[in-house]
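A.B. asks: Quick check, what structure comes out for this input:
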Amino acid sequence: MNGGSLSQRMTMPGRAEWHPARELWPVVGITLLAFTLGSFRLGSIGLRGDEAFVFFFCRWPLAEMIAGLRSVDPHPPLYHLLLRGWMACLGTGEITLRFPSLLAHTLLAPLVYAVGRRWQSARAGLWGAALVAINPFLLWQAQDARMYALLAAWSLACLWYTLRVLAIRVNDPDRPGVYAGYVLTAASALLMHYYGMLFVAGVNVGFFAGQLSTSRSGHKIRRWLLLQALAVAPLAVWLIYAGRSLLGHEKDWIRAVSLPDMIYRLLRAFSVGTTFSGQQTWLWVVASAALCLLGLIASWQRVTRAIRATRGPILQQAAVMTAALVVPLIGAFLISLWRPAFEERYLVSVAPVYLLFAAHGMVRLQSRYPLLAISVIIFLAGGIFCSLYSYHALPAYAKSPDWRGVMAYVRSQQQAGDLLILNYPDPTQEYYNGGYTPFALLPAAYPFAETDVVASLQALAEAHPRLWLVPVRANNWDREGVVEHWLSRHADRVAEKAFAGLRLQLYETAQRYQEIMTPVDAVWGERIRLRGFALRLEDEPLEATASLSPGATLQLVLYWQALAPPAKSYTVFTHLLDPQGVLRGQKDAPPLTGSYPTDLWQAGEQIVDRYDIPLDFTAPPGEYVLEIGLYEWPANQRLAVADSAGRALGDHLILARITVKSAE
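C.D. replies: Presented below is the predicted three-dimensional model:
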């Protein structure tokens, strides 16, 4: 009988006796915990830009999508093909898009247990599965319609099959199922993300390091090389097609990183996640790293004892596990020296291995210092809880801006002829828009010429009575806010509403505000014309019969037109005078609070200018006069004003008479 006696096989690494009552139900419970935490608010959290992009990208015609994977979204094709089929069968809602990632995270728990049990012990496997189930970084990926959770699952499955391959001795019968499992999982990891190559490389470094340190078997090495050839073949075919484009692709939003910064960011992600921050974060990082280091030391102490007992498989397993932890990190740093290419999620496949070493360290700590171990567990659990709370409850750590809320509000307020302007190409808007609200992207491309954007805005303002805008200041698009600046100068912002991570503004263009404004038609210095004005209180039109309370703020909107380019910069004064002529409210400022002074105005240009005039809290009741004018600062020389017929009106213009009621 091959494989030795029963007692021998039970003491071989990875062949410990199975105790269903002690192990099965804890694994099932931890797996259910992973699923529960991963599914919590899965559909309540709005899609982020990358998720929405993948949604649209996977709906492209198949040939265009494959071609786009060379340059538009440079990744191996497996995830996009899987998601494309998934969407075709099950739909395109948030939960549907994210469910493959949730499923992958759920499977991580039993996979980690299986790897930990085969590598060390059932206790290490159970602790590792528990750490993976509640890890904030992995849970974030579990709720993300991207390939990273699947990359972690395929990589860990590859590691498990690697340990099974190592357990096959020379005299054992061939295990085609194990070999096929390794090829499938390794190939899938490689085709899921290009950084899967670093993980598979780590497994190989560990394999050959273990072979060099034990009695080498030519048959085992040849068999291993054959498995690698079969696993790499699909990726090699893909790289023949896409490799050249990949080498030339750069992500300008990724910044260069130093080795200490990279290590710290990874340790933080693997311990308490990226949604945990503060001056004391390093305490949790140190505690987690200490457990991992303890597990690493304990693993190699076991190797030392195994070498004395001539038990080579233990050394080989330790070499593979260590290399799977270390080699991808080294590889990522070396790549970042060539060009910036580091993000924590790219190394998500290392996180379960890190947590397994931490779990082994926890087991070792429990066996020697149980009270200390309990304290460390409680401490880490507190950090994990805070991180998960931040992710789900604090807007600063929200996965994405609230585009769902923005588009729902626009739909509820939309009128005929409205247009939504985007100054950043965020596909999330289009996902939640669903084709209901017409929209335009300005600037249409980056880099852009400001004159082209202004010309487009002028055309849109002439064609639409109302324009919605969600202003975004993105470094790689409209970083200076050209669109918002132009609209704030040439259209009347009648509403602004805040959403999580976003602002929504509503502007009325000239064709709308000219219909509802109070006409004036007064001219200052034959160059500046006031076409009309509007009065508001708390952003609502002030009715003719309405009255102000002391302490209220009167909102005045002035609609100017430059008849000719003004030669000087003038300041606007606005005065509220009580029945005795006493000044009770005032606001003096250059137009648009100085951001667009009169000496920059162009002939024919129409400008919308806003003033908030606070009324004195001690203002007596009565009929007040609202007067405005222009003066040159610092000489305080007022500019003469005339009516449309050229008749002089003095140095100020009375706009309206407003009733102020008694203070209650």
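A.B. asks: Check which helices and strands the helix or strand harbouring Ala318 sits against.
C.D. replies: Ala318 is part of helix 312-338, with elements assigned from DSSP states H and E. Packing contacts for helix 312-338, counted by 3 or more CB pairs under 8 Å, 6 or more residues apart in numbering; DSSP states H and E, involve helix 94-119, helix 148-167, helix 196-212, helix 259-271, helix 281-308, helix 350-368. Where C-beta positions appear, they are placed from N, C-alpha and C, glycine not excepted.
A.B. asks: Of these, which shows the lowest average pLDDT?
C.D. replies: Lowest mean pLDDT of those: helix 281-308, a mean of 85.
A.B. asks: quick one: it to helix 312-338, angle?
C.D. replies: Between the axes of helix 281-308 and helix 312-338, defined by axes from the mean of the first three to the mean of the last three CA atoms, to 10 degrees, the angle is 140 degrees.
A.B. asks: can you put the helices and strands packed on helix 312-338 in TSV and add mean neighbour count and distance to Tyr436?
C.D. replies: Written out in TSV, the entries for the helices and strands packed on helix 312-338 read as follows (neighbours: other CB atoms under 10 Å; distance: least, CB to CB, whole Å):
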stretch	mean neighbour count	distance to Tyr436
helix 94-119	24	18
helix 148-167	26	31
helix 196-212	21	39
helix 259-271	19	38
helix 281-308	18	43
helix 350-368	24	40
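A.B. asks: Which among those is found nearest to Leu139?
C.D. replies: Proximity to Leu139, assessed across the helices and strands packed on helix 312-338 by CB to CB, is greatest for helix 94-119 (6.9 Å).
A.B. asks: Show me what the helix or strand immediately after that closest one in the chain packs onto, helices and strands only.
C.D. replies: Heading C-terminal from helix 94-119, the first helix or strand you meet, by DSSP H and E, is helix 122-134. Using 3+ CB pairs under 8 Å, 6+ apart as the contact criterion, the elements in contact with helix 122-134 are helix 20-39, helix 94-119, helix 350-368, helix 370-393.
A.B. asks: wait, isn't Leu615 in contact with Gln555?
C.D. replies: No - counting by CB atoms under 8 Å, no contact exists between Leu615 and Gln555, whose distance comes to 11.5 Å.
A.B. asks: And those two? Which one has more around it.
C.D. replies: More neighbours surround Leu615 than the other of Leu615 and Gln555, with 21 against 18 (other CB atoms under 10 Å).
A.B. asks: check contacts around the more buried one.
C.D. replies: When contacts are counted by CB atoms under 8 Å, 6 or more residues apart in numbering, Leu615 touches 548-554, 576, 584-585, 660.
A.B. asks: Show me which of those are buried.
C.D. replies: Of all the contacts of Leu615 considered here, the ones buried according to neighbour count by 16 or more other CB atoms under 10 Å are 548, 550, 552, 554, 576, 584-585, 660.
A.B. asks: quick revisit: could you redo the helices and strands packed on helix 312-338 as TSV and give each row distance to Leu239?
C.D. replies: As requested, the helices and strands packed on helix 312-338 are exported to TSV (distance: least, CB to CB, whole Å):
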stretch	distance to Leu239
helix 94-119	24
helix 148-167	17
helix 196-212	10
helix 259-271	26
helix 281-308	33
helix 350-368	23
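A.B. asks: Any figure for the gap between the closest residue to Leu111 other than its chain neighbours and Gln555?
C.D. replies: Residue nearest to Leu111 in three dimensions, not counting chain neighbours: Leu156, with 4.7 Å by CB to CB, 6 or more residues apart in numbering. Applying CB to CB, to the nearest Å, one obtains 60 Å for the distance of Leu156 from Gln555.
A.B. asks: Lys587 should be in a strand, yeah?
C.D. replies: Yes - using DSSP: H, G, I helix; E, B strand; the rest coil, the secondary structure at Lys587 is a strand.
A.B. asks: With Val237 as the reference, measure out to it.
C.D. replies: Distance, Lys587 to Val237, by CB to CB: 70 Å.
A.B. asks: Which of those two has more residues huddled nearby?
C.D. replies: Here Lys587 and Val237 are set side by side on neighbour count (other CB under 10 Å), and the busier one is Lys587, at 19 against 10.
A.B. asks: if I read this right, the more buried one contacts Asp612, doesn't it?
C.D. replies: Yes - taking contacts as CB under 8 Å, Lys587 lies within contact range of Asp612: 6.5 Å.
A.B. asks: got any residues that touch both of these two?
C.D. replies: Contact criterion CB under 8 Å, 6+ apart; residues bridging Lys587 and Asp612 by contacting each: Leu556.
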